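1. Mind folding the following:
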Amino acid sequence: MTSQSELFRTPGPSLPDGARLRTVATVHGLITFTLARSRRRSIGFVIGSEGLRVTAPYWVSLKQIDEAVLEKAEWIQKKLDFWRQRNETADQAQQSWLACTQLPYLGATISIDIDVDARQARFDGDHFAPQLQDTLWLALPANASAEQRRAAAAHWLQTQAQQYFDQRIHALANNAGLRFQAWRLSRARARWGSCNSSGSIRLNWRLIHFTPDIIDYVIAHELAHLKQMNHSARFWQQVGIILPGYEAAMQKLKTTDMSTLPALQA
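-> Sure, this is the predicted structure:
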């Protein structure tokens with residue numbers, strides 16, 4: 001059985017100042033967590049891809065912290081199990097992506113192969129309605145390295161993103177009676193999109209990995225900023241006008257970690 005320490009990256013040297021690792025024995029097994037102190041008034045729990053992080057007030061004793069962990073042990077273990085399974089799935093997918101034999105494209109997992117006689121990449125499915133196991137044929141030599149495959153695949157994906165996003169942003173803007181100054185792809189590592197006060201929109205090209213509903217949500221989100229440069233109730237009302245029923249896609253995107261996307265060079 002894989003241990004928790006193998007599945008969640010041990011913070012080690014990257015621990016914040018004053019933080020420490022601590023382990024508590026529960027009926028559900030050992031729970032290891034990062035403990036940090038702060039001026040907050042109560043004990044807080046955050047569980048993510050790196051495991052459990054507990055933040056406690058300076059005046060709370062270690063015994064009280066351990067008791068709080070024990071009290072929530074069942075809930076904590078369920079969350080840890082969820083992230084453990086998610087990490088394992090992501091690791092398996094990342095191996096395929098690193099070898100560039102499969103990639104997610106518009107929500108479908110497509111296969112990647114090489115056509116040594118081709119002059120340019122070709123896709124054997126519907127470009128904007130891909131199906132499981134459709135194949136992207138890269139114009140590369142038979143002995144192309146994984147790095148070359150990743151670079152070629154990234155180039156093709158960015159080309160598709162440019163075309164698909166352009167169709168969707170104009171369609172959604174026209175339907176809502178909105179006008180934007182310009183738009184372009186971005187390679188941001190921590191943002192899916194942005195809109196500045198002059199009406200210029202940027203969309204992360206990595207969105208092309210996701211299903212169309214998620215892409216539409218991000219576009220609608222940025223278009224809404226043309227009316228409201230904030231995240232007020234009026235802003236979300238505007239998002240709903242542009243894309244009714246956006247909430248499901250928003251929730252799906254919230255559970256997505258950029259670090260789990262294909263390790264492509266771009």
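
2. Could I get the full set of helices for the stretch 1-150 of the chain?
-> Counting by DSSP state H, counting those that start in this stretch, the stretch 1-150 of the chain has these helices, from start to end: 4-7, 62-71, 73-99, 146-176.

3. Could you chop the chain up by domain?
-> Here the domain parsing of the chain from automatic domain parsing is 4-89, 146-260.

4. for the record, mean pLDDT for the shortest one?
-> Averaged across domain 4-89, the pLDDT comes to 80.

5. Distance from the chain centre to that domain, please.
-> Per Cα atoms, centre = their mean, to the nearest Å, the displacement of domain 4-89 from the mean C-alpha position of its chain is 23 Å.

6. now do the last one
-> From the chain centre to the centre of domain 146-260 is a distance of 13 Å (Cα atoms, centre = their mean).

7. for the domains of the chain, which one ends up most surrounded?
-> domain 146-260 (a mean of 17; mean count of other Cβ atoms under 10 Å). In this view, the C-beta of every residue, glycine as well, is placed from N, C-alpha and C.

8. pLDDT of that one, averaged?
-> The average pLDDT for domain 146-260 rounds to 94.

9. Quick check: end-to-end length of that domain?
-> From the first residue to the last, domain 146-260 extends over 18 Å; the measure is Cα to Cα, to the nearest Å.

10. And stretch 122-140, by the same measure?
-> Start to finish, the residues bounding stretch 122-140 are 12 Å apart (Cα to Cα).

11. which outside residues touch that stretch?
-> The contact list for stretch 122-140 (Cβ atoms under 8 Å, 6 or more residues apart in numbering) reads 103, 105-116, 118-121, 144, 148-149, 152-153, 156, 160, 163-164, 167.

12. In CSV, list the domains of the chain along with distance to Gln133.
-> Conversion of the domains of the chain to CSV gives the following (distance: least, Cβ to Cβ, whole Å):
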stretch, distance to Gln133
domain 4-89, 18
domain 146-260, 16
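
13. Which residue ranges of the chain form strands?
-> With DSSP state E, the ranges of strands along the chain come out as 20-26, 29-38, 44-48, 51-57, 102-105, 108-114, 122-123, 135-138, 182-186, 193-195, 200-204.

14. Nearest approach to Asn230 belongs to which of these?
-> Ranking the strands of the chain by their distance to Asn230 (criterion: Cβ to Cβ) puts strand 193-195 first, at 11.4 Å.

15. how near is Gln77 to Gly51?
-> Gln77 sits at a distance of 12 Å from Gly51 (criterion: Cβ to Cβ, to the nearest Å).

16. Could you do Leu80 as well?
-> 7 Å.

17. And Ala121, by the same measure?
-> Between Ala121 and Gly51 the distance, using Cβ to Cβ, works out to 40 Å.

18. And Pro104, by the same measure?
-> Distance from Pro104 to Gly51, counting by Cβ to Cβ: 26 Å.

19. go on, Ala173?
-> 42 Å.

20. now Leu21
-> Noted for Leu21: a distance of 10 Å to Gly51, by Cβ to Cβ.

21. what sits in contact with each of the two?
-> Shared contacts of Leu21 and Gly51, defined by Cβ under 8 Å, 6+ apart, comprise Thr32, Phe33, Thr34.
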